[in-house]
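**Q** take a look and give me a structure for this.
(one chain, ligands or ions: 1)
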Amino acid sequence: GTVTSLPQTSISDTLFERAKKVIPGGVNSPVRAFRAVGGSPRFIERAEGAYLIDKDGHALIDYIGSWGPMILGHNHPAVREAISEALAGGTSFGAPNEREVELAELVTRLTKTEKVRFVSSGTEATMSALRLARGVTGRDLIVKFRGNYHGHADGLLVEAGSGLLTNAEHLGAGAPSSAGVPAAYAALTLVVEYNDPEGLDALMQLRGHEIAAVIFEPVVGNAGVLIPTPEFRAALHRVKSHGALLIADEVMTGFRLSLRGACGLLGLQSDLTCWGKIIGGGLPVGAYGGRAELMDFVSPQGPVYQAGTLSGNPLAMAAGLATLRELERDEGLYVRLETYTSALADGLRAAAGEAGVPLQVNQIGSMLTAFFGDGEVSRFAHAAQADTAAFAAWFRGLLERGVYWAPSQFESIFVSGAHGERELESTLSAARAAFALSRTA
Ligand code: PMP
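**A** A predicted model of the protein is given here:
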């Protein structure tokens with residue numbers, strides 16, 4: 001239906017004004033500022049199940065899930081209790097604790113890896129895995145794919161996705177994706193189009209002997225959702241024949257698309273894997289792992305240095321343990337997530353069709369992006385053609401109707417186990433009304 005008055009957001013607006021005076025852009029991570037979609041961000045008071053409750057008291061159906069971690073829904077009792085129990089014993093030791101061993105045992109068993117090292121973010125995980133690959137191979141060059149995002153380490157901010165696509169107004173073509181990244185450093189990162197097996201083969205033929213690692217998102221979330229073709233997956237496996245290590249960045253997809261991540265689902269075998277998000281159950285955890293012969297290059301066992309004051313933090317380990325145990329226990333969860341999200345995809349396609357809005361929905365498991373435009377989206381170049389003004393109008397229409405979608409065309413949304421029939425119906429009815437707005441954007 002038509003909305004006659006916009007929701008009152010004066011408390012959020014006032015907080016944003018205060019925030020902008022003391023925090024760059026008013027936020028601690030760029031996409032949160034709503035630059036790409038207009039309007040000012042909602043400040044969140046608390047979160048429960050499938051909902052965020054903002055400071056002005058609006059309950060919003062949440063499709064961000066803290067950008068991935070909250071696969072069980074917000075404030076899940078098992079996770080909350082595990083954190084409380086750990087909290088009673090103190091918050092940080094800087095010395096080994098039993099929960100680190102338990103989480104490492106669980107992660108290596110579920111993902112069929114041999115050893116894992118915990119860090120405190122996805123950025124640290126990919127940065128450390130690349131250092132390890134360089135240390136193992138004695139080579140300097142790395143390969144990444146256009147529009148993939150692997151955190152904000154210098155060498156990875158080259159043609160990067162996620163917030164770099166959303167706030168890229170001051171960048172020239174071919175430059176690193178951020179000011180402050182030395183050109184000499186960016187020159188060590190070679191970039192290939194995702195889902196371009198010939199391009200990858202050609203680069204490996206030419207420079208394969210100099211390449212330490214090829215890092216990739218096994219399903220891309222950070223250009224919007226892109227799904228790797230079988231031919232591209234085969235080309236990824238071929239990089240190993242050049243002595244380069246294959247690094248799967250499962251920070252977003254790990255434990256989300258299956259207990260063995262996107263690689264398990266799609267039959268990909270990497271040498272090293274990076275995790276984040278779900279592995280910490282909403283607290284700051286990242287990890288990287290692989291075969292013992294590789295991981296034993298990491299200090300103090302080996303010569304590749306990597307450390308962290310809060311690494312293996314007991315509260316964070318407790319949250320990760322409770323989350324992964326719940327995922328393992330609830331066998332039907334991944335099927336329910338797929339059922340909900342594919343129904344959402346079908347409903348969006350139908351609603352867009354009725355409204356005469358060209359829409360391409362990419363969906364796999366509980367990840368989904370609705371690209372505003374015509375034609376298949378399998379490469380970054382296709383995603384980049386999306387109608388971002390129409391998306392922004394649609395996003396605002398959803399938010400005004402209580403649906404908190406990802407505030408950028410170039411992001412995945414995330415469905416949780418707490419999303420049910422009621423949320424699906426409300427989302428689709430909001431989406432229908434919002435498509436009518438996007439047509440006139
Ligand atoms: N890799 C991927 C695939 C990601 O999606 C992200 C974050 N969205 C990162 C790495 C970086 O993780 P963090 O934000 O925890 O540093």
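**Q** look up the pLDDT of the closest residue to Leu315 other than its chain neighbours for me, please.
**A** Residue nearest to Leu315 in three dimensions, not counting chain neighbours: Ala86, with 5.0 Å by CB to CB, 6 or more residues apart in numbering. In short, each C-beta sits where N, CA and C put it, glycine included. Here, the pLDDT recorded for Ala86 equals 98.
**Q** and Ala86, which helix or strand is it part of?
**A** Assigned by DSSP states H and E, Ala86 belongs to helix 77-87.
**Q** now that helix: buried residues?
**A** Ala78, Val79, Ala82, Ile83, Ala86 (16 or more other CB atoms under 10 Å).
**Q** what does the stretch 201-350 of the chain put close to the ligand?
**A** Contact residues (CB under 6 Å from any ligand atom) of the stretch 201-350 of the chain with the ligand: Glu217, Gly221, Asn222, Asp249, Val251, Met252, Gly276, Gly286.
**Q** could you redo the last one with a cut-off of 5 Å?
**A** For the stretch 201-350 of the chain, the residues in contact with the ligand (CB under 5 Å from any ligand atom) are Asp249, Val251, Met252, Gly276.
**Q** let me see the ranges of the strands in this structure.
**A** Ranges of strands within the chain are 44-48, 51-54, 59-62, 115-119, 141-145, 189-192, 211-216, 245-249, 272-275, 286-290, 359-364, 367-372, 403-404, 413-414, based on DSSP state E.
**Q** any chance of those in JSON lines, with mean pLDDT and mean neighbour count too?
**A** As requested, the strands of the chain are exported to JSON lines (pLDDT from 0 to 100; neighbours: other CB atoms under 10 Å):
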{"stretch": "strand 44-48", "mean pLDDT": "98", "mean neighbour count": "15"}
{"stretch": "strand 51-54", "mean pLDDT": "98", "mean neighbour count": "20"}
{"stretch": "strand 59-62", "mean pLDDT": "98", "mean neighbour count": "22"}
{"stretch": "strand 115-119", "mean pLDDT": "98", "mean neighbour count": "23"}
{"stretch": "strand 141-145", "mean pLDDT": "96", "mean neighbour count": "25"}
{"stretch": "strand 189-192", "mean pLDDT": "94", "mean neighbour count": "20"}
{"stretch": "strand 211-216", "mean pLDDT": "98", "mean neighbour count": "26"}
{"stretch": "strand 245-249", "mean pLDDT": "98", "mean neighbour count": "27"}
{"stretch": "strand 272-275", "mean pLDDT": "98", "mean neighbour count": "28"}
{"stretch": "strand 286-290", "mean pLDDT": "98", "mean neighbour count": "28"}
{"stretch": "strand 359-364", "mean pLDDT": "98", "mean neighbour count": "21"}
{"stretch": "strand 367-372", "mean pLDDT": "98", "mean neighbour count": "25"}
{"stretch": "strand 403-404", "mean pLDDT": "98", "mean neighbour count": "21"}
{"stretch": "strand 413-414", "mean pLDDT": "98", "mean neighbour count": "26"}
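**Q** mind listing what the nearest residue to Gly221 once chain neighbours are set aside touches?
**A** Leaving out its chain neighbours, the residue that sits closest to Gly221 by CB to CB, 6+ apart is Ser412, at 3.8 Å. For Ser412, the contacting residues are Gly221, Asn222, Gly224, Val225, Met252, Met367, Leu368, Thr369, Ala406, by CB atoms under 8 Å, 6 or more residues apart in numbering.
**Q** look up how far the ligand lies from the residue nearest to Arg401 when sequence neighbours are not counted.
**A** Leaving out its chain neighbours, the residue that sits closest to Arg401 by CB to CB, 6+ apart is Ala430, at 3.7 Å. Per CB to the nearest ligand atom, to the nearest Å, Ala430 is found 25 Å from the ligand.
**Q** now Arg99
**A** Distance, Arg99 to the ligand, by CB to the nearest ligand atom: 20 Å.
**Q** residue contacts, the closest residue to Phe414 other than its chain neighbours?
**A** Nearest residue to Phe414, sequence neighbours excluded (CB to CB, 6+ apart): Gly65, at 4.1 Å. Contacts were defined as CB under 8 Å, 6+ apart; by that measure Gly65 touches Ile71, His74, Phe414, Val415, Ser416.
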